[in-house]
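Novice: Quick check, what structure comes out for this input:
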Amino acid sequence: MNRMSETGTAPANCNRQAYRRTVRLAGLLCCGSILAAMPALALAQQAPAAEPTAQPSGAPAPTAVPRSNTIQSISVVGAERLEPTTILSYIRLRVGQEYTSAGADEALKDLGATELFASFSIRNDGGNVVITVTESPVINRIVLEGNKRLKNDKIVPEIKLAPRQIFTRSKVRADVGRIIELYKRQGRFAAQVEPKMVQLPQNRVDVVFEITEGPKSKVRQINILGNEQFSDGELRGEMVTKQSRLTSFFSSNTSYDPDRLAFDQQKLRQFYLTGGYADFRVVSAVAELTPDQRDFIITYVVEEGQRYTFGEVKVDSQLRDFDSDSMSSNLPMKDGDFYNAKTVEDTVEQLTELAGRFGYAFADVQPRFKRDPDNLKMNVTFVLREAPRVYVERVDINGNTLTQDKVIRREFRIAEGDAFNSIAVQRTNARINSLAFFQENFEVKQAEGSAPDRIVLEANVEENPTGELQFSAGFSSIEQFILAGSIRQRNFRGRGQTVGLSVNYSQFSRSAQVSFSDPYIFDRNISGGVDFYRRDFNSFNFLNNDRNTTFRQGTTGFSARAGVPLTEFMSLVGSYTLNYDDVTLDRTLFFSDLNNDGVSECDPLLAGRFLCDSIGKRLSSIVGLSLNYNSLNSRVRPSRGRTVSLSGEFAGLGGDVRYIRLRGRAQQFWNVGNSGFIFSILAEGGMIAPLNERPGAGVDDVFLTDRFFLGEPQFRGFAIRGVGPRILTQTSQLDEFNRPRLDAAGNILYFTERRQVRDDAIGGRNYYLGRAELEIPLGSGARELGLRPSIWTDVGALWGVEQPLLTVTPGGTQQLNAQGQPLFRTSAGVETTAATQPDGSPNVRLITPNSNIRELFLGNSASPRVTAGIGVNWNSPFGPFRIDFAQTIRKVEGDDERRFTFNVGTQF
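Specialist: Presented below is the predicted three-dimensional model:
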């Protein structure tokens, strides 16, 4: 160790050049490493004998007898930042005291304990005591070098040293230990940290932590000794820690972690205790480094013991509202069942919850065990200890930096002064979680009040981002890419209001919508909202790979709604909608001068009679009423509960259309056991009935714009509007002379590929849709990434539209009379416009053969379409991401399939 000279100057071998900045900061250029370079305490000289001086280790130097034993004055030399009076307050030497070697040694120890000085000494000059100090430097900055696996934002919060603090060796040692502990938690047990100090002018230093991370220590092998009832593989499967194998390359559980080792011991105990092995214990758990110092081998020694069954199981209730015998008869375990510690824990929770329903917030349920080793029986008595009824003293809300208190308080199902009820508290938890304003799995905490019969409910919330900026994209064989974007704030100004703007664009449709909703209008228990929107829908086809638009539908309107709760879970919502629809066709493609009068009209031969009947402008005035039931535990990511909705709409309060539309929807969620699987089913359906008739043969009484459509995204595995009634218009193949190609039988050959056929979905009056989905839990590493895969199957159908009058049929063109009505021939050879004879037998259509165009009416069937697939939800750094792969199991001719979809968004 380098020592300071008696005059306080640096040794001759100390380099005094200013430190140089390089790619890697130099260490302690002046005096080596920080732990080996602290200067020794100056050994003060005094004639004829030396006085005490401090050593780097804190041990005092030998002292000699001073010239005078009475302290006449005490002075401080070398203080820069500290006041001399402050330094004197650290020691017990005082003027007028007798100066002794022991007192001087104690003073040196006191100064060393402060860790404020790099060196210090005491000299007695004839009763004048002089304390010479060199203050410890001030930290200028903290520098981390060599850390690649752990970034600065992970290490810096663990370092207690900070700029502008006094530098001390003890803090440096503690920070080194904390950094190494961080690497151990990542399984890097070979990590090394060397602290160094770079001296700066004005008694300042830079502290540099040079980190050598080393390789990650894996678990090469897990050995289990003493197990006879279960194999090593079964027991390893219960552990979180896994053996390092090629198949576990992406797993984070193959690294060695002492905390995980302790947790695995608990997992083993839980596994055996749930199987009836009440005497099971882990004798030892040892982790040893392999000879190459890279991996660990873990060895467990277990003692299984005998398997127990339940003996006498009963409830001993000290609460007046509970009968012990009736409760004992309802316990889930019976005499002779194999002992299961998990069942005992669940029973304790159920009894505690039951007591909470009756106002016993702090009911104490204790299971008492009595072993019968001779008969291998476990007798259990559940003791419900007496407790007073409890009332809510107050409700405290903490942590809401944005959300107003009233937004949270109005979700409480229990108020100050009410008797405590655990069911009301659970419902409060569910309602606050459903807001999705705060952390997941929020729970109201319970604390003791000012008296034994008082309780304080605490809502300690952590604000989550409630703004959403989403971008989604999809792919279709017809539309190519589909793009959509939206911005929404679900907690506008902290009032719980929702404001949103969405825009969608594709070759198929375009829309824009502005919306606002408030669950408590004017702080009353009445919800309301309004939407303004513009939607444009284009139907198109591909002919010879060229895209051609058929009809356009533009809708401009608004919708207003208001709702009132009927019960805790049920509400009634009324609505009014006003829509202005404009359906048009491309005039250059589908209009012609039919009467030779210079006026262009929709040509049925070019557009199809069903499209010509749909064009026009109309106003729809719609009133609606819906009854909703919702008992979900979360509206964002539910795991249990159900929703049911029944709605009806009447169009005809003014406007140009009249109909009645009915819809129903129900969905149920189950948390499958405690394994993390979430299973859900959905069923919905609807029908629309016209209240007026539209003239003309083959014209449906419900306008095209008012019918139901089915497909992506409701029905996965099909394109947008890809299910249900549709008309496919096919063109004939032409030879080099522009004549229709014929097959061997003389029939015209038509283009049948989807991109070469005009596909017009015309909707239906009735539909149904069903869905079953199972969300699969993954390991802790995947959960941290936010991955939630699922398998699903969808079933549904759309049908009920009246078959349109096809202007062109397979094999030729429909012949019409002067009034444009289709012609038929009876069995007697008489031409008529009647499709059937008086006895009900059909007449034969009159067709002009060899047409270059034919129309097919397909998909008008209630037969179920079935798809199945897999999907993954991922809370990615870019926002929520969803991807689905679908396989069609059953379809009807004409349906348009889609195999792959994805969307992505972000939050703010």
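
Novice: Just to check, Ile660 is in contact with Gly686?
Specialist: No - counting by C-beta atoms under 8 Å, Ile660 stays clear of Gly686, with 11.2 Å between them. Glycine gets a C-beta too; all of them are placed from N, C-alpha and C.

Novice: For the two, indicate the residue with more neighbours.
Specialist: Gly686 (19 against 14; other C-beta atoms under 10 Å).

Novice: so which strand or helix has that one?
Specialist: For Gly686, the enclosing helix or strand under DSSP states H and E is strand 677-690.

Novice: Partner strands of that strand, with direction?
Specialist: Partners of strand 677-690 in the sheet, by DSSP bridges, are strand 659-672 (antiparallel), strand 766-775 (antiparallel).

Novice: How about the shortest one, which residues are buried there?
Specialist: If I follow you right, that is strand 766-775. Residues of strand 766-775 classed as buried under the neighbour-count rule (16 or more other C-beta atoms under 10 Å) are 766-771, 773, 775.

Novice: can you check the longest one too?
Specialist: Across strand 659-672, burial judged by 16+ other C-beta under 10 Å covers 659, 661, 663-665, 667-669.

Novice: Would you mind stating the distance between Ala651 and Leu627?
Specialist: Separation of Ala651 from Leu627 (C-beta to C-beta, to the nearest Å) stands at 19 Å.

Novice: quick one: which of those two has more around it?
Specialist: When Ala651 and Leu627 are compared for neighbours, Ala651 comes out ahead with 24 against 15, by other C-beta under 10 Å.

Novice: what lines up beside the helix or strand containing the more buried one in the sheet?
Specialist: Ala651 is located in strand 641-655, with elements delineated by DSSP H and E. Taking DSSP bridges as the criterion, strand 641-655 sits next to strand 616-630 (antiparallel), strand 659-672 (antiparallel) in its sheet.

Novice: average model confidence for the last one?
Specialist: What strand 659-672 shows for mean pLDDT is 94.

Novice: quick one, strands of the stretch 1-150 of the chain?
Specialist: Counting by DSSP state E, counting those that start in this stretch, one finds strands in the stretch 1-150 of the chain at the ranges 73-77, 117-125, 128-135, 138-145.

Novice: and the ones you listed, which is most packed in?
Specialist: Across these, averaging neighbours per residue (mean count of other C-beta atoms under 10 Å) puts strand 117-125 on top, at a mean of 23.

Novice: Now do it and strand 73-77, the angle between them.
Specialist: Inter-element angle recorded for strand 117-125 and strand 73-77: 140 degrees (by axes from the mean of the first three to the mean of the last three C-alpha atoms, to 10 degrees).

Novice: Just the C-alpha atoms of strand 117-125, please, in CSV.
Specialist: Once non-C-alpha atoms are left out, strand 117-125 reads as follows in CSV (Å, rounded to 0.1, in the frame of the first residue of the first chain):
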residue,chain,number,x,y,z
PHE,A,117,-11.9,12.0,5.5
ALA,A,118,-9.3,10.4,3.3
SER,A,119,-6.6,11.0,6.0
PHE,A,120,-6.5,12.6,9.5
SER,A,121,-4.1,13.0,12.4
ILE,A,122,-3.9,14.5,15.9
ARG,A,123,-0.9,16.4,17.2
ASN,A,124,-0.5,17.9,20.8
ASP,A,125,1.8,20.9,20.8
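
Novice: relative orientation of that strand and strand 128-135 in degrees?
Specialist: Going by the same axes, to 10 degrees, strand 117-125 makes 170 degrees with strand 128-135.

Novice: Tell me how far strand 117-125 lies from the chain's centre.
Specialist: Between the mean C-alpha point of strand 117-125 and the mean C-alpha point of its chain there is a distance of 62 Å (C-alpha atoms, centre = their mean, to the nearest Å).

Novice: That one packs against which elements?
Specialist: Other helices and strands packing on strand 117-125, by 3 or more C-beta pairs under 8 Å, 6 or more residues apart in numbering; DSSP states H and E, are helix 101-114, strand 128-135.

Novice: which residues are in contact with the last one?
Specialist: Contact with strand 128-135 is made by 8, 39, 42, 44, 71-82, 87-88, 91, 93, 99, 107, 111, 116-124, 203, as judged by C-beta atoms under 8 Å, 6 or more residues apart in numbering.

Novice: swap the cut-off to 7 Å and go again
Specialist: 42, 44, 71-82, 87, 93, 99, 116-123, 203 (C-beta atoms under 7 Å, 6 or more residues apart in numbering).

Novice: repeat for stretch 641-655
Specialist: For stretch 641-655, contacts defined as C-beta under 7 Å, 6+ apart pick out 619-633, 657-669, 691.
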